[in-house]
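Student: would you be able to build a 3D model of this:
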Amino acid sequence: MGAAKQAWPTRAGGRLSKVELLKALHSDVIARLAPVGTVRTALQLRTPIPALASAVTAPAIVKNLPRHRLGAKEHVSPSSGLTPASPPAPLQSTMRLFLLPISTRRSLVYCEKLHEKAPKDRSILDKLTLKANETWAAWEKDEKAVGNWKKKVTFYGNHALKRIPYEEWGLKTLPTLTDRRKQDIIDGKAKHEILFPGRYLKQERVTEILTKLAQERQGMHRSKLIWSVVIMPFTAPFMLVPVIPNLPFFYVLYRAWSHWKALTGSKYLEFLLKHNQPKPNPSWALDEAYTAGLMYPTRNISRAAPRPTEEEADKVSGVVHQQTNNESEDVMVLQRWNGKLIAEQFDLPDMEVEIERAVEQVENSIEKKEKLMEQKIEQEKAATGTPDQRAKDALPDHIMHKIHDEAELVAERAKEAHAKEAAKH
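Tutor: Modelled structure (predicted):
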């Protein structure tokens with residue numbers, strides 16, 4: 001009650017402006033919080049301005065201020081009006097590779113871009129890619145074209161892009177493998193970190209999955225790149241169509257570039273794993289985000305609800321494992337709406353669309369398999385003439401035993417062949 005009032009700073013000639021006053025409020029909060037270790041720097045404080053003002057007048061609520069989230073970059077939003085109390089940190093030198101399980105059997109690899117190239121350092125290909133992206137974005141908003149053809153082109157084009165496998169999109173986030181990057185990897189100058197949700201993906205499987213993603217699609221991307229280049233001349237006649245650009249040519253050109261980018265990205269990942277493999281690091285921030293996505297039904301509820309505890313994360317991951325029936329079934333572990341929260345968690349806005357696209361494709365794939373299985377069961381039941389009996393259930397026991405023996409023999413031979421093939425490599 002008897003505490004002295006805060007003496008707010010003033011400037012010569014009058015009172016402080018609103019912006020200056022908010023900065024003063026912010027500095028006062030930092031001064032109050034720093035001694036008790038609630039925050040380390042202003043860069044880690046993500047509190048709205050009204051909360052800052054309340055914290056000044058009511059220090060008792062300091063304990064309720066949000067702490068810095070694990071794994072997120074430290075920054076101050078330009079629109080927040082906050083001024084860093086210390087010089088900004090240098091550019092991050094460690095490239096983060098994210099291995100994100102979409103389901104219990106399928107995962108997305110995403111590589112963080114450390115920083116954008118300066119305009120003068122961009123290659124011709126980079127400039128062309130940037131120009132194409134800007135043109136596409138402009139077409140999506142253009143309503144003045146005759147017949148609204150630009151918006152129609154982007155509408156159907158975006159549907160076509162959604163059909164590109166998410167694995168290809170993920171590989172395209174990796175850098176191109178140049179001679180300089182090879183040497184940096186060998187010399188250990190290029191630092192990498194592999195992050196994954198440890199409760200939803202076993203650490204011993206991380207290298208296996210990354211190696212598979214790096215190697216299994218190289219042949220396909222190489223062959224489709226060649227075919228795209230071969231097809232390009234056959235799209236030349238479409239150049240005679242007035243007004244509308246040669247869309248078939250540009251689509252084939254884009255697919256050629258996309259396959260080339262995915263191919264070089266897969267080679268980069270393969271080279272990294274062979275010569276200077278970074279140690280996989282389980283991320284609690286990812287575990288927390290995955291658990292929240294499975295616990296809560298919507299993004300808004302997830303934002304408002306308490307963050308999951310480690311005990312809750314263990315329970316939820318245990319339920320997921322039970323649903324796989326000893327890993328015999330594929331179960332979704334990531335929600336589409338959760339992509340935005342994970343992207344915000346790590347301050348990687350481009351990650352959001354990659355996650356959403358991957359989740360949509362995997363969901364559709366699992367649904368199709370389930371429908372095919374249901375149709376197969378219905379057909380088998382119809383063939384037996386009894387609704388509760390499938391065709392295989394009507395076979396005599398000695399026939400079933402013979403079928404099982406033959407199946408085990410085939411499986412054993414396949415296993416031996418696979419072992420011999422692995423020994424050769």
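Student: the closest residue to residue 305 other than its chain neighbours: neighbour count?
Tutor: Excluding the flanking residues, the one nearest residue 305 by C-beta to C-beta, 6 or more residues apart in numbering is residue 296, at 5.6 Å. From N, CA and C alone the C-beta is placed, and that goes for glycine too. By other C-beta atoms under 10 Å, 18 other residues sit near residue 296.
Student: cool, and residue 286?
Tutor: By other C-beta under 10 Å, 25 other residues sit near residue 286.
Student: that one: which element?
Tutor: helix 284-295 (DSSP states H and E).
Student: buried sites along that helix?
Tutor: Using 16 or more other C-beta atoms under 10 Å as the test for burial, helix 284-295 gives 285, 286, 287, 288, 289, 290, 291, 292, 293, 294, 295.
Student: correct me if wrong: the second one contacts residue 196.
Tutor: Yes. In this structure, residue 286 is within contact of residue 196 by C-beta atoms under 8 Å, at 6.6 Å.
Student: common neighbours of those two, please.
Tutor: 98, 100 (C-beta atoms under 8 Å, 6 or more residues apart in numbering).
Student: low-confidence stretches in the stretch 251-400 of the chain?
Tutor: Within the stretch 251-400 of the chain, the stretches with pLDDT under 70 are 384-396, 398-400.
Student: in it, which spans are helices?
Tutor: Remark: helices assigned in the stretch 251-400 of the chain by DSSP state H, counting those that start in this stretch are 284-295, 299-304, 310-323, 338-345, 349-384, 397-424.
Student: swap in the stretch 101-250 of the chain?
Tutor: Using DSSP H, counting those that start in this stretch, the helices of the stretch 101-250 of the chain run over residues 124-141, 149-162, 166-172, 179-187, 203-215, 218-231, 247-275.
Student: mean neighbour count added to those, as TSV?
Tutor: Shown next, in TSV, are these (neighbours: other C-beta atoms under 10 Å):
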stretch	mean neighbour count
helix 124-141	12
helix 149-162	14
helix 166-172	23
helix 179-187	13
helix 203-215	16
helix 218-231	15
helix 247-275	19
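Student: quick one: those helices as TSV, columns for distance to residue 410 too.
Tutor: Formatted as TSV, the helices of the stretch 101-250 of the chain follow (distance: least, C-beta to C-beta, whole Å):
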stretch	distance to residue 410
helix 124-141	48
helix 149-162	38
helix 166-172	29
helix 179-187	42
helix 203-215	24
helix 218-231	26
helix 247-275	32
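Student: wait, which of the ones you listed is closest to residue 364?
Tutor: helix 149-162 (10.1 Å; C-beta to C-beta).
Student: can you check what angle separates that closest one from helix 247-275?
Tutor: If you take axes from the mean of the first three to the mean of the last three C-alpha atoms, to 10 degrees, helix 149-162 sits at 30 degrees to helix 247-275.
Student: send the alpha carbons of helix 149-162 over as PDB?
Tutor: Taking C-alpha atoms only, helix 149-162 is exported to PDB below (Å, rounded to 0.1, in the frame of the first residue of the first chain):
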ATOM      1  CA  TRP A 149      -8.900 -17.900 -67.100                       C
ATOM      2  CA  LYS A 150      -5.900 -17.100 -64.800                       C
ATOM      3  CA  LYS A 151      -7.800 -18.000 -61.700                       C
ATOM      4  CA  LYS A 152      -9.100 -21.200 -63.400                       C
ATOM      5  CA  VAL A 153      -5.600 -22.200 -64.400                       C
ATOM      6  CA  THR A 154      -4.300 -21.700 -60.800                       C
ATOM      7  CA  PHE A 155      -7.400 -23.600 -59.400                       C
ATOM      8  CA  TYR A 156      -6.800 -26.700 -61.500                       C
ATOM      9  CA  GLY A 157      -3.100 -26.300 -61.300                       C
ATOM     10  CA  ASN A 158      -3.200 -26.400 -57.500                       C
ATOM     11  CA  HIS A 159      -5.300 -29.600 -57.700                       C
ATOM     12  CA  ALA A 160      -2.600 -31.100 -59.900                       C
ATOM     13  CA  LEU A 161       0.100 -30.000 -57.500                       C
ATOM     14  CA  LYS A 162      -1.700 -31.700 -54.600                       C
END
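Student: helix 349-384 and that one, what's the angle between them?
Tutor: Counting by the same axes, to 10 degrees, helix 149-162 lies at 60 degrees to helix 349-384.
Student: now for helix 149-162, which elements pack on it?
Tutor: Other elements packing on helix 149-162 under the criterion 3 or more C-beta pairs under 8 Å, 6 or more residues apart in numbering; DSSP states H and E are helix 124-141, helix 247-275.
Student: can you say which of those helices is nearest to residue 352?
Tutor: With C-beta to C-beta as the criterion, residue 352 lies closest to helix 124-141 of the helices and strands packed on helix 149-162, at 16.3 Å.
Student: just to revisit the earlier point, right, and the helices of the stretch 101-250 of the chain - which one's nearest residue 98?
Tutor: Going by C-beta to C-beta, the one of the helices of the stretch 101-250 of the chain nearest residue 98 is helix 166-172, 9.2 Å.
Student: what is the mean pLDDT for the closest one?
Tutor: Averaging pLDDT along helix 166-172 yields 96.
Student: now for it, which elements pack on it?
Tutor: Using 3+ C-beta pairs under 8 Å, 6+ apart, helix 166-172 is in contact with strand 107-111, helix 203-215, helix 247-275, helix 349-384.
Student: thanks a lot, see you next time.
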